[in-house]
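Peer 1: Quick one, fold the following:
(4 chains)
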4 protein chains.
Amino acid sequence: MTTIKHLIDGQLLADTGRTTDVFNPSTGEAIHQVPLASRETVQQAIDAAKAAFPAWRNTPPAKRAQVLFRFKQLLEANEQRIVKLISEEHGKTIEDAAGELKRGIENVEYATAAPELLKGEYSRNVGPNIDAWSDFQPIGVVAGITPFNFPAMVPLWMYPLAIACGNTFVLKPSERDPSSTLLIAELFQEAGLPKGVLNVVHGDKEAVDALIEAPEVKALSFVGSTPIAEYIYSEGTRRGKRVQALGGAKNHAVLMPDADLDNAVSALMGAAYGSCGERCMAISVAVCVGDQIADALVAKIVPQIKALKIGAGTSCGLDMGPLVTRAHQQKVTGYVDDGVAAGAQLVVDGRGLKVDGHEKGFFLGGCLFDRVTPDMRIYKEEIFGPVLCIVRVNSLEEAMQLINDHEYGNGTCIFTRDGEAARLFCDEIEVGMVGVNVPLPVPVAYHSFGGWKRSLFGDLHAYGPDGVRFYTKRKAITQRWPQRATHEAAQFAFPSNG
Amino acid sequence: MTTIKHLIDGQLLADTGRTTDVFNPSTGEAIHQVPLASRETVQQAIDAAKAAFPAWRNTPPAKRAQVLFRFKQLLEANEQRIVKLISEEHGKTIEDAAGELKRGIENVEYATAAPELLKGEYSRNVGPNIDAWSDFQPIGVVAGITPFNFPAMVPLWMYPLAIACGNTFVLKPSERDPSSTLLIAELFQEAGLPKGVLNVVHGDKEAVDALIEAPEVKALSFVGSTPIAEYIYSEGTRRGKRVQALGGAKNHAVLMPDADLDNAVSALMGAAYGSCGERCMAISVAVCVGDQIADALVAKIVPQIKALKIGAGTSCGLDMGPLVTRAHQQKVTGYVDDGVAAGAQLVVDGRGLKVDGHEKGFFLGGCLFDRVTPDMRIYKEEIFGPVLCIVRVNSLEEAMQLINDHEYGNGTCIFTRDGEAARLFCDEIEVGMVGVNVPLPVPVAYHSFGGWKRSLFGDLHAYGPDGVRFYTKRKAITQRWPQRATHEAAQFAFPSNG
Amino acid sequence: MTTIKHLIDGQLLADTGRTTDVFNPSTGEAIHQVPLASRETVQQAIDAAKAAFPAWRNTPPAKRAQVLFRFKQLLEANEQRIVKLISEEHGKTIEDAAGELKRGIENVEYATAAPELLKGEYSRNVGPNIDAWSDFQPIGVVAGITPFNFPAMVPLWMYPLAIACGNTFVLKPSERDPSSTLLIAELFQEAGLPKGVLNVVHGDKEAVDALIEAPEVKALSFVGSTPIAEYIYSEGTRRGKRVQALGGAKNHAVLMPDADLDNAVSALMGAAYGSCGERCMAISVAVCVGDQIADALVAKIVPQIKALKIGAGTSCGLDMGPLVTRAHQQKVTGYVDDGVAAGAQLVVDGRGLKVDGHEKGFFLGGCLFDRVTPDMRIYKEEIFGPVLCIVRVNSLEEAMQLINDHEYGNGTCIFTRDGEAARLFCDEIEVGMVGVNVPLPVPVAYHSFGGWKRSLFGDLHAYGPDGVRFYTKRKAITQRWPQRATHEAAQFAFPSNG
Amino acid sequence: MTTIKHLIDGQLLADTGRTTDVFNPSTGEAIHQVPLASRETVQQAIDAAKAAFPAWRNTPPAKRAQVLFRFKQLLEANEQRIVKLISEEHGKTIEDAAGELKRGIENVEYATAAPELLKGEYSRNVGPNIDAWSDFQPIGVVAGITPFNFPAMVPLWMYPLAIACGNTFVLKPSERDPSSTLLIAELFQEAGLPKGVLNVVHGDKEAVDALIEAPEVKALSFVGSTPIAEYIYSEGTRRGKRVQALGGAKNHAVLMPDADLDNAVSALMGAAYGSCGERCMAISVAVCVGDQIADALVAKIVPQIKALKIGAGTSCGLDMGPLVTRAHQQKVTGYVDDGVAAGAQLVVDGRGLKVDGHEKGFFLGGCLFDRVTPDMRIYKEEIFGPVLCIVRVNSLEEAMQLINDHEYGNGTCIFTRDGEAARLFCDEIEVGMVGVNVPLPVPVAYHSFGGWKRSLFGDLHAYGPDGVRFYTKRKAITQRWPQRATHEAAQFAFPSNG
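Peer 2: Numbering: from 1, shown residues only, chains lettered A, B, ... in the order given. Alright, predicted model coming up:
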């Protein structure tokens, strides 16, 4: 069993301290050990990033972009290796891992446009012979803390753009599936990134706290659960850092009576059960407007849930792999038990699933609850498993009220053919990412990702234009030159360029 | 002695609780009483703002802008009344108050462009027949807490733009000079603003805490001292609000050997002594590169400081009025005493100034220290009075190191004719607002205002483009329509629009 | 009968040359004479504009904007006077004239944002210590040539923005209804515009040719018929000028089977018969998808056409006034005759309408043709009168083919509730301005107006962001400063900032 | 001797018609034949582009960008082959050819950002429940006509961006050095470009006229001499096409008395003699402010001109190769003769240069004229050879007047350390591209390239943001959906969203 290394200052470093096991969730076996960095190790990474900053900051953006262009190439050339690592440690299917990686690469592509994205605004003659402009400068050392569910994509939301903007970076990926994350970082190094610009340290709360507390770290990007997002946001901002912390979700899909049901069911199947529901953009609630569409949905989706092809993620042609850990499998199962106890109607029960040859894997079959009500825990909390809840309402307005009243506001979607219903929904729903007949409305890399309410803490969303603004400091310059042969009188009044 | 009122839900409301005195600093006399709102009163304002939000949010931006166009007209028509109130309660000169108001009006002008400023980004075909766009929606009830030194301008940095973006607003202005602030808000009302969209409550820490703690308040804009800025930022963000909190400053002007000295001296006189130095953008340190320019500066500026025309702000043709309060006068005088004790050379001593007919006014003459060193309190702390410190250094690099090492990073400027020196300074100085031969580089309204380091807490600067982003939430929409006669297969892999 | 004057160099000037009559189309009487400027008079206006350019160019945009803010106020204060003049000379109803003026004022509002709109792009470090930025500078003297149908609005599309960008302007309005145009220009002058910045000369082809041929005129904006647009575009560009020339239209509305018919009929009534159809955005063809919607449309719209309230435009509460001239009335009547001869079914015949007390007015009642086919002249040509043609097709695709095959591509709209149909239509229709359930999709002032195909000659559309680009020249600056103590070797190879 | 082929519809096609010789200017020998396409062949290419358009237009921009990413890789991988071809047929040095290619690749990089660059503007609630947005759609078949002096770079200014925007393209490169251009186009094909999207036809005026006259060609980009630029602009626009036509230049460098002379001389050497002066951005006039700097310039530059290493471009370590053709060599020599005859002082005479082993090559040594005056032909006309003219003036104002009076306004630069001089120059000079201590201020790929006056015909500059606008049509959409349960009354007045 190999022990995974840190990447600090361009070097893979072994660590001698605490470790934890990395499992293959399809087999239930530990396959690696990953070190849990001490404060000292984290500080070493921060120091490397700090030392690399001045030279990287002064590298012209167009030159920084060249490294990102090569990084994209290497990611594509190494797709199969990366995808296999993702699947092996996370459990998601190969196809799903490939989708994740592709989305991550799109963020690298976006970052190659740094010269365009970093343009400031120039104004001649804000006053007589006075010019003004803005310059978006890097902020220094930035840290990222990323979750297990997208070990390739979520880190790629962060550091390519931060680095393209001239910052240096310390990444603490999830300790549950760190191998693909590390490989990707090594490929960036191989693409020509100067040492110290990107550092990867594995760890747990000790590492996180070290990053929060270090005064050299000027900004924090986090994706994970809401309680930790809130902790990082309040602890980070309290120390004067800028923080964007993305948390949990409970994403509702509204099915209108005029929905194209075949497509909606296909969409829901993928959005609810893909990656075992372990996505912050997974659809976990289907809100049916009227019993007719609800009944039709149940009739159509039940056989499809029962037919889900479930197995070891690394096999081909599957729909779903296992959950990420034993503990998580038990937690999700507990939610299903709870839903039954609360009176929801369990139409498909995925508990007790055994996969031949993988009896110790952390599997759970697709589950479907009908007639769920807003007071139930399975409605209120994020389950992060292959469990879809159907709620029945009488109108679009009622569906929207339900969504707007929920604690989370990450993603949502509506299935309809009707332009007015879609427009009303998009306008008034209190959710940051909205799909119209798009079940997982993850914005493309050149837009930005972010939820509302308790799904995101911070002013600016992740990646895209907001990412550029987050990873840069605005500097405002106002310039005039002394005019030959003129003498300017002192001005005590507040200058208004009048 | 009149008691000033709150403006809540379109009505001027008297308050029966605690009050404090508003002084005329030129005479030293209390001229008004201002109520200190209880939590209940603050909540009343918040409730009004919350009730006004849905309709205002749905008012088209172009219609919202019409109210701002009329507001601008009314501000111009009432300039003399406003300016007199500012001067009477703050003590700054009439000309200075007029300059402040003009700058404030420029922020109203910027806000009239709301239809342009609120444009989102539209992408056709992010995938086959899939479109995506962003919509910048208002965030709800926003609160502003503003300082005494710009009772007209700083509130106008905030609420016109916030309101143009569709938010509703609760303003807590400084309790030391609230009359102009209130009059301006009434003029906005008169311009056709629906009731409840803008509310003004006077108060102290109790009111501030009520605003911070109220869950209905979604964002806080603050301008004041750094300790309070930090408090508001950490308390506000801890509650999941977005906060921009602008704090203190110690703005350095660098004089290069090739500076146009006549213009530089004129510029410094205004920037150091204008408004008695009570500006967060005041120049309080002149860094001279070489003794030659330092000696020349002293020779030229001393007579001008001694010749400053100081009197009751409301008179005409003056350079400086009094400080804002007795306590502040004593604090600034204490700094001068401290500088002398620390060994700085007090070249001009403004202590003990008496203004005929205003013997009880809070006056202090212009003070100049030479040979100040970075370890002295008068160098390290913000004095906020008519005290200029000269520091002598040997090179531009040394000057820049000094500035970059200071706790604050609000504004700075360089006096030179040399393009390279200016460019180096603009590029590498760790300060948010930089002037080249511009002593007070307050960005024009269509750029944004903000310092770095401990001068601003938050991601986004005040007013201008950053102000628009601060006062809006990004919503990302992704849309496709069911295609006639096509059946889409379920997709379990993470969608990558491939 | 008064003779209208030119406005040249800030003065109203009488002209002693040729004149033509201005009629009140409601009475059929000549009410004014308007001079037809000679080349010399036009040159005088150009000279005034040229002389005014340097100072106006150097006036800071924010100061230029102040004049526009006051202009907006004056336009609003003088609404009734302006509207009456429009109606009197054009014949459109008072309410319609007020709508036109309001739209025009919106363009003034947009122009007040000049400081924001003129921002260039700033890039630090395009190479080591090399910066680059763009500056959008005014182009000099710009001329505008505008049509009779919007004597207030179309000129306001042009010169407020051109002037806000720092240009000076010569306007040649339509000689048929020049009074409102002139009054508006005088109000701009009254708002504080320096003399010579805006000049108005009345005239015919001689004046137009003088503007085209004058080398001092750097850009031409034209709105009118396609043959003249083409003439001006080719003659202007041949002389190296930039030209945008907007021509004719034949705007189709597609009615889908699921259209909300009540709303669609209301929309069509206004769009086809408002302003007697004398609008380049008027709907002149209704394309019905299926006989069912066609029959229903006919059933619903015929009584409304017959009930149109037609009279002297200056009266209140009317739907339609007269056509603009006797000749135009005869031309439109000729089209109706031609349609009948070609076999189209004339369902409502407006010919021969008499309005009591206005027997000499140039009136024509609303006409409706059904079963029009694409080979007919009434389908192929722009009628510019109160004549609506119904074409029946079997599918949306057929409707779109029809529109895409037409010579013109100005505006179009679709009536449907279906998101997919609307999206397909918006995406693939070869028309510049598209409405979804919006019959006259004239873009708001902060978007830009322009047709495709033979409806617009030029790269850039009118007003809005394209207008800013049209009225400015891009200048690209690349800057580096000699570094102290470095010697740079000669570089013979093409520099690539590598 | 091989005959070069066309690239039409993805195939290399031999042509049986007229041909012309391609020379190696270093040896004076014909090395290839190139076909001169007939109208029929050109039409074949246009037809292929037209056929490829619909599918390419509908390919999502992010997918189109993938082809450009691969194209960049292939260009880098094939750098040596390309560079050798450029040098062999054009005569420029290998290092210079590599610089050209690198700049061209930067335009490909910019085009990869198509998804970002094509974003339209989205406005919610332009009226109640009415939304509006803009969509920038491709225009169809675009043609490019490019000059001999940058056979790699100038075509790469055009088609990568045009194609990234969704257009298809027909390129007619210079018939003097077509091989590198063709190879590059083949590499684009190899990168995965669908057939017909890019087509290359060789030819002369017949081919150019065929492109101008074909109605399927919707836009023309041209770079070459001013007479042809003007011809193409007027002939193209006359046919309703959009055209940008870049012509000649006479670029002045101003040397101020405070210039860093060593750097300025190095800069001038490269800018005047690099590529034998065959660049539209070459500096051909040095304007010295004062005799002192003029004398110093002459003293320093003469030995460097005499020391220029001149030889066959394909050798290494040279400064200059031959001119492109025998005829051009004779033309440039004629200009030198003319300057002498006109009384200019020929300080260095490069005529009669023989390069050992390349006696038949089209060589000309570096020439320097002093005391040139504005009335001389060598001052007024573009020489396009290794001839630098010194003009002596007494002030910056005089220098600027000279430049502003010249027919051309492509590029210019100033050498100074003085911020004010640089700012004045940048602001008021009537030239499109301005350098401050940058001799060849070719904007980087993410800004745009374009001269003023008779150096560019058209509204929009080449590549960068203006390139995107040029290669797209603006479409404005305004959308509302029928509201349930509301009935809207007909509106005859012009709608103003009031």
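Peer 1: A:Asn263 against B:Trp481, yeah?
Peer 2: No. Judged on CB atoms under 8 Å, A:Asn263 makes no contact with B:Trp481 at a distance of 10.1 Å. Bear in mind the C-beta positions are built from the backbone N, C-alpha and C, glycine included.
Peer 1: Give me the common contacts of the two.
Peer 2: Residues touching both A:Asn263 and B:Trp481 (CB atoms under 8 Å, 6 or more residues apart in numbering or on different chains): A:Asn437.
Peer 1: Report all helices and strands that the helix or strand hosting A:Leu183 contacts.
Peer 2: If you go by DSSP states H and E, A:Leu183 is part of helix A:179-190. Applying 3 or more CB pairs under 8 Å, 6 or more residues apart in numbering or on different chains; DSSP states H and E, we find helix A:179-190 packed against strand A:6-8, helix A:61-77, helix A:79-90, helix A:153-164, strand A:198-200.
Peer 1: Just the CA trace of that helix, in CSV.
Peer 2: What follows is helix A:179-190 as a C-alpha-only set of coordinates in CSV (Å, rounded to 0.1, in the frame of the first residue of the first chain):
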residue,chain,number,x,y,z
SER,A,179,-4.7,10.6,-6.2
SER,A,180,-6.2,12.1,-9.3
THR,A,181,-6.0,15.5,-7.8
LEU,A,182,-2.3,15.0,-7.2
LEU,A,183,-1.6,13.6,-10.7
ILE,A,184,-3.3,16.6,-12.2
ALA,A,185,-1.2,19.0,-10.2
GLU,A,186,1.9,17.1,-11.3
LEU,A,187,0.9,17.5,-14.9
PHE,A,188,0.6,21.3,-14.4
GLN,A,189,4.1,21.2,-13.1
GLU,A,190,5.2,19.3,-16.1
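Peer 1: Compute the inter-axis angle for it and helix A:153-164.
Peer 2: 20 degrees (axes from the mean of the first three to the mean of the last three CA atoms, to 10 degrees).
Peer 1: Quick check: buried residues in helix A:179-190?
Peer 2: Of all the residues in helix A:179-190, those buried under the rule 16 or more other CB atoms under 10 Å in any protein chain shown are A:179-189.
Peer 1: can you map out the strands along the stretch 351-498 of chain A?
Peer 2: For the stretch 351-498 of chain A, the strands defined by DSSP state E, counting those that start in this stretch occupy A:367-370, A:387-393, A:408-409, A:411-415, A:433-436, A:452-453, A:456-457, A:472-479.
Peer 1: OK, contacts around A:Thr168?
Peer 2: A:49-50, A:52-53, A:56, A:140-142, A:196-199.
Peer 1: can you give me phi and psi for it?
Peer 2: When quoted as degrees, to the nearest 10, the phi and psi of A:Thr168 stand at phi -110, psi 160.
Peer 1: Tally up the residues packed near A:Gln73, please.
Peer 2: Using other CB atoms under 10 Å in any protein chain shown, A:Gln73 has 18 neighbouring residues.
Peer 1: quick one on the thing from earlier: please list which of the contacts of A:Thr168 are also close to chain D.
Peer 2: Among the contacts of A:Thr168, no residue lies close to chain D (CB under 8 Å from any CB of the partner chain).
Peer 1: Put together a markdown table for those residues, with pLDDT and secondary structure on each row.
Peer 2: A markdown table is the format used below for these (pLDDT from 0 to 100; DSSP: H, G, I helix; E, B strand; the rest coil):
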| residue | pLDDT | secondary structure |
| --- | --- | --- |
| A:Ala49 | 98 | helix |
| A:Lys50 | 98 | helix |
| A:Ala52 | 98 | helix |
| A:Phe53 | 98 | helix |
| A:Trp56 | 98 | helix |
| A:Gly140 | 98 | coil |
| A:Val141 | 98 | strand |
| A:Val142 | 98 | strand |
| A:Gly196 | 98 | coil |
| A:Val197 | 98 | coil |
| A:Leu198 | 98 | strand |
| A:Asn199 | 98 | strand |
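Peer 1: Alright, that wraps it up for me.
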